[in-house]
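1. With the input below, show me the fold.
(2 chains)
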Amino acid sequence: MSRVVVIGSGLAGLVAANRLADGGADVVLLSKGIGGLQLGQGTVDVLGYTPERVTNPIKAVTKVDKGHPYAAIGAQGVLTALSYLKELVPDLLVGDPEANYHLPTAVGALRPTCLAQPSMLAGNLKAGSAVVVVGLRRLKDFQPELVAGNLARTELPDGGRVSARAINVDAVAREGEIDSSGLVFANAFDDPAFRARFAAMLAPQLNDGEIVALPAVIGLKDRQAHQDLSTQLGHPIFEIPLPPPSVAGLRLNQALNARAQAAGVRMVSGVRTVGFTADGDRIRSVRNATVPAEREYRADAFVLATGGFEAGALSMDSYGTVTETLFGLPLVGAENTPLIHGDYWGGEQPIFRVGVAVDPQMRVLGNGQPVYANLRAAGDLIAGSSRWSEKSGDGIAAASAVLAADSILKEL
Amino acid sequence: MATDGLEFAGHSLSRASLDACVKCTICETQCPVAAVTPLFSGPKYVGPQAERFRNGESVDHSLDYCSSCGTCTLVCPQGVQIAELNSQARAVMKADHMPLRDKLIGQTVLMGKVMTPVAPIAKAALNNKPIRKVMEAVVKVHEDAPMPPPQSQTFEGWFRKRPTPAGPFPRGPVVFFHGCAGGYFEVETSKKSVEVLEYLGYQVIVPKQGCCGLAQQSNGLFKGATKDVLKLCDDLRSAGKDLTIVSSSGSCTGMLKHEAHEIMGVEDERLKDVGTRIVDMMEFLLDLHEAGELPTDFAPIGMKVPYHAPCQLKSQGIGKPALEVLRLIPDLEVVDSGAVCCGIAGTYGLKKEKYEVAQAVGKPLFDMVKATSSELALCDTETCRWQIQKSSGVRTEHPIYLIHRAYGLS
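-> Model prediction:
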């Protein structure tokens, strides 16, 4: 069996590892930590702004500029990845590639996203809806007055508005704590008895026909928790993802990891990958900085899914020189100066577009040719998009991972 | 570099890494202790955040509830040595009022030496309720906490008295390290490891060996621990230069590989030499397999067994080698527990005031073990095995048991 090493366990690394294992490869997934996926909202953004709000993400993908990752990936690449993701975590991600949801955030803005968790869907609001935003007194990361106030003054993408009001419930997630984290609440909501107590406290405060908005802490393990709570309340409910620790992000991260493990992916975490050996135009092995002696991992093919600056995959020194920290790969976009302009509230910072160039098989390019025949990149490392403002990071990650995996599987 | 471990812990420490903390909360979400009790406010708060306010004195006494399982360091994407920071800060905090109990339970060799000659009596005493109640009251070791199983023969006794294996040993010599537990209590694990190594064609050398000092280190007794770990390095080095040292004691291996250096600041060529030569038993077998040198003519074992990778093995950054090796045995279904920690964390779960916390930490694992098999569970480290066996009621052994059996050796 052929060995493939995937480096990085964010969305790109996890999707690539699953796909490769499904295709019969012997996969080793190397990661420094447990990946950043749980820091996100637990949804899959494909394209949210161009910079206008996007309603049909697949259609928008076909219109990106040359040099954008989606130009190499193509609409078909995105479609394949989205259906694969839904297959990987069938009870956790739903959605239509041709229609973004517009879901309320923890500050009450409407965020466009393509795939979302079933517990969030009632947040795709219609004009004229009445929303009651429910805060938990002991959870400081969710302020219902802020959410309701902003929601009420926001025009929906299709026109019209909703009405929104805020209330608070003082549910005790854990005795002895007045400041519980979202995770502590999620563990409490996994318990049917806690849900019943909570429903009994909340139900009398609801008006007929209201849609109930709650922080996304309605259970971590129990995938039916939101449905059960909704039934008990007799109202539709939806979850709003929180800043980290994000329970919705944790659900997705845990589900993809469990799936990879079940598919036979061998995981080695806790150590940074710091070096490599090459034989001509092929990578032979990478080295982990295991203490006290480095360990070598040989493979027939490699997927580099190490992320961008935040993850340490890209680094800028005090002279403004940007490097890819593992293989020293050629970068595009780094020649633009200045990479960071001083106007914090000003236009886009050019540094966000720096990364590696790839061909349609996700092989990393230098002077238009693959740098190493058996090295693919996936995820944030790929140059050409400002993911945070476009809301395109998840789609690029998943689609580049699937393309990288599929082209490796064809060669093995 | 400071030679006094406490001096190192108080001042130089892993502090350099704390500025890399971006407050992402990943460690908070994975901490097994904070998940079950409000008594520990979580690794980020107690670690990189509280550390900024420490100047000799600790501002946060919930620090003592950290079990030092090391999960936070393992999952940190930024390389912050959270667990190490916490272990160091706790040692400094406890330095002037170290409880007698914590001094005693670090003495693992002493426990073995006292119990082995009187194994049946020791066993009876440890299973005796009134005696355990007195023990709890006097030394504050919880009456229901798992205790090591006393054996009537030490591993050393067996190794010396058995007929000398005839060989041949085509693969040459390796050094075997069993640790205190493997010498006095987990004697079967050590025997089976030696027999598997010999079956593979290695000549096994077992030098006389002392304690690695881990139990003292985890209780903040850095001075004694440093002395012990260096003495052990001398012991292991006496067996021969440049030889691979194979260990069936996962946690002691972690102490030698990185904890003595990272937590106590031990800078010594002897430690570096041993640390780079020592490998975990299952890691050794997996490396052989990767090199195409492991015979895989295993006899089928038609069983389904839960496997739990202990924290101190995961902290070595080698993945879960036992899982990979066990999967080579036909018909054997190995189920990864997926659990973070069993709760015992060396001596943490023995302590009267922490017993309940440790049991709550391990509960998902105990439930998983019981649901998977009533016959056998597997885990690489001794105290974790005692904890799993005591709390789940399922016999728990080192993975080498099944390798030994699959090679037809038992």
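
2. what's the domain layout of the chain?
-> You didn't say which chain, so I picked chain A. A:3-47+A:59-75+A:267-411, A:106-240 (automatic domain parsing).

3. nope, chain B please
-> Split into domains by automatic domain parsing, chain B comes to B:5-94, B:294-406.

4. Could you point out which of the domains of chain A sits nearest chain B?
-> domain A:3-47+A:59-75+A:267-411 (3.2 Å; CB to the nearest CB). Heads up, the C-betas are built off the backbone N, CA and C, glycines and all.

5. Start and end of the closest one, how far apart?
-> Chord length of domain A:3-47+A:59-75+A:267-411, first to last residue, is 12 Å (CA to CA, to the nearest Å).

6. same question for that domain, mean pLDDT?
-> For domain A:3-47+A:59-75+A:267-411, the per-residue pLDDT values average out at 96.

7. Pull up the residues of the stretch 301-410 of chain B that are close to chain A.
-> Contacts of the stretch 301-410 of chain B with chain A, taken as CB under 8 Å from any CB of the partner chain, map to B:314-320, B:323-324, B:336, B:338.

8. Any of the residues you listed buried? List them.
-> Taking 16 or more other CB atoms under 10 Å in any protein chain shown as the criterion, what is buried in these is B:314-320, B:323-324, B:336.

9. Can you lay out the residues you listed as JSON lines showing secondary structure?
-> Output for these, formatted as JSON lines (DSSP: H, G, I helix; E, B strand; the rest coil):
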{"residue": "B:Lys314", "secondary structure": "helix"}
{"residue": "B:Ser315", "secondary structure": "coil"}
{"residue": "B:Gln316", "secondary structure": "coil"}
{"residue": "B:Gly317", "secondary structure": "coil"}
{"residue": "B:Ile318", "secondary structure": "coil"}
{"residue": "B:Gly319", "secondary structure": "coil"}
{"residue": "B:Lys320", "secondary structure": "coil"}
{"residue": "B:Leu323", "secondary structure": "helix"}
{"residue": "B:Glu324", "secondary structure": "helix"}
{"residue": "B:Asp336", "secondary structure": "strand"}
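
10. Off-centre distance for stretch A:268-275?
-> What separates the centre of stretch A:268-275 from the centre of its chain is 22 Å, taken as CA atoms, centre = their mean, to the nearest Å.

11. cool, stretch B:336-352 as well?
-> Relative to its chain's centre, stretch B:336-352 lies at 10 Å (CA atoms, centre = their mean).

12. Now it: buried residues?
-> Residues of stretch B:336-352 classed as buried: B:336-337, B:339-352 (neighbour count, 16+ other CB under 10 Å).

13. That one: end-to-end distance?
-> Start-to-end span of stretch B:336-352 (CA to CA) is 30 Å.

14. and if you look at stretch A:352-369?
-> OK, stretch A:352-369 end separation, CA to CA: 24 Å.

15. Provide a list of residues in contact with residue 373.
-> Reading this off chain A. A:281-282, A:363 (CB atoms under 8 Å, 6 or more residues apart in numbering or on different chains).

16. um, chain B though
-> The contact partners of B:Ser373, by CB under 8 Å, 6+ apart, come to B:303-306, B:394.

17. What score does B:Thr3 have for pLDDT?
-> For B:Thr3, the pLDDT comes out at 49.

18. hang on, I meant A:Gly123
-> On pLDDT, A:Gly123 comes in at 98.

19. burial of residue 114, as a residue count?
-> Since you didn't name a chain, this refers to chain A. As a burial measure, A:Cys114 scores 28 neighbours (other CB atoms under 10 Å in any protein chain shown).

20. right idea, wrong chain: chain B
-> B:Val114 has 13 nearby residues by other CB under 10 Å.

21. Now do the helices in the stretch 101-250 of chain A.
-> Along the stretch 101-250 of chain A, counting by DSSP state H, counting those that start in this stretch, helices occupy A:144-152, A:182-189, A:192-202, A:225-233, A:247-262.

22. Tell me which of those is the most buried.
-> Most buried of the helices of the stretch 101-250 of chain A by mean neighbour count (mean count of other CB atoms under 10 Å in any protein chain shown) is helix A:182-189; its value is a mean of 24.

23. for the record, mean pLDDT for it?
-> For helix A:182-189, mean pLDDT is 96.

24. And the contacts of it?
-> Outside helix A:182-189, the residues touching it (CB under 8 Å, 6+ apart) are A:136, A:139, A:141, A:171, A:173-174, A:177, A:194-195, A:198, A:215-220, A:222, A:225, A:229, A:242, A:245-247, A:250, B:28-29, B:35.

25. and with 7 Å instead?
-> For helix A:182-189, contacts defined as CB atoms under 7 Å, 6 or more residues apart in numbering or on different chains pick out A:136, A:139, A:141, A:173-174, A:177, A:194-195, A:215, A:217-220, A:225, A:242, A:245, A:247, B:29, B:35.

26. State the pLDDT value of the closest residue to B:Phe40 other than its chain neighbours.
-> Ranked by CB to CB, 6 or more residues apart in numbering or on different chains and with sequence neighbours excluded, the top spatial neighbour of B:Phe40 is B:Tyr65, at 3.8 Å. In this model, B:Tyr65 is scored at 95, pLDDT.

27. From what I see, B:Tyr65 and B:Pro32 are in contact.
-> No. Applying CB atoms under 7 Å as the test, B:Tyr65 and B:Pro32 come out as separate, 11.6 Å apart.

28. Can you pull the poorly scored residue ranges out of chain B?
-> B:1-4, B:9-14, B:56-57 (pLDDT under 70).

29. picking that back up, so which of the residues of the stretch 301-410 of chain B next to chain A is the closest to B:Pro399?
-> Nearest to B:Pro399, judged by CB to CB, of those is B:Leu323 at 8.7 Å.

30. who's in contact with that closest one?
-> Counting by CB under 7 Å, 6+ apart, B:Leu323 touches B:307, B:334, B:336.

31. please redo it, this time with the cut-off set to 10 Å
-> A:261, A:266-267, B:282, B:286, B:307, B:309, B:334-336, B:378, B:399 (CB atoms under 10 Å, 6 or more residues apart in numbering or on different chains).

32. Narrow the residues you listed to those in helices?
-> A:261, B:282, B:286 (DSSP state H).

33. In a markdown table, list those residues along with distance to B:Arg171.
-> Converted to a markdown table, the ones in helices among the contacts of B:Leu323 look like this (distance: CB to CB, whole Å):
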| residue | distance to B:Arg171 |
| --- | --- |
| A:Gln261 | 33 |
| B:Met282 | 17 |
| B:Leu286 | 16 |
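
34. A:Asp91 contacts A:Arg223, doesn't it?
-> Yes. Counting by CB atoms under 10 Å, A:Asp91 does reach A:Arg223; the two are 5.2 Å apart.

35. and for those two, which residues touch both?
-> Shared contacts of A:Asp91 and A:Arg223 (CB under 10 Å, 6+ apart): A:117-118, A:251, A:255.

36. quick one: which of the residues you listed is nearest B:Glu293?
-> Closest to B:Glu293, out of all of the shared contacts of A:Asp91 and A:Arg223 and judged by CB to CB, is A:Ala255, at 37.4 Å.

37. residues in contact with the closest one?
-> Here A:Ala255 is in contact with A:14, A:37, A:42, A:88-93, A:223 (criterion: CB under 10 Å, 6+ apart).

38. Could you check how far whatever helix or strand A:Asp406 lives in is from the centre of its chain?
-> With secondary structure defined by DSSP states H and E, A:Asp406 is part of helix A:393-411. Computed by CA atoms, centre = their mean, the chain-centroid distance of helix A:393-411 equals 15 Å.

39. burial of A:Gly320, as a residue count?
-> A:Gly320 has 12 neighbouring residues, counting by other CB under 10 Å.
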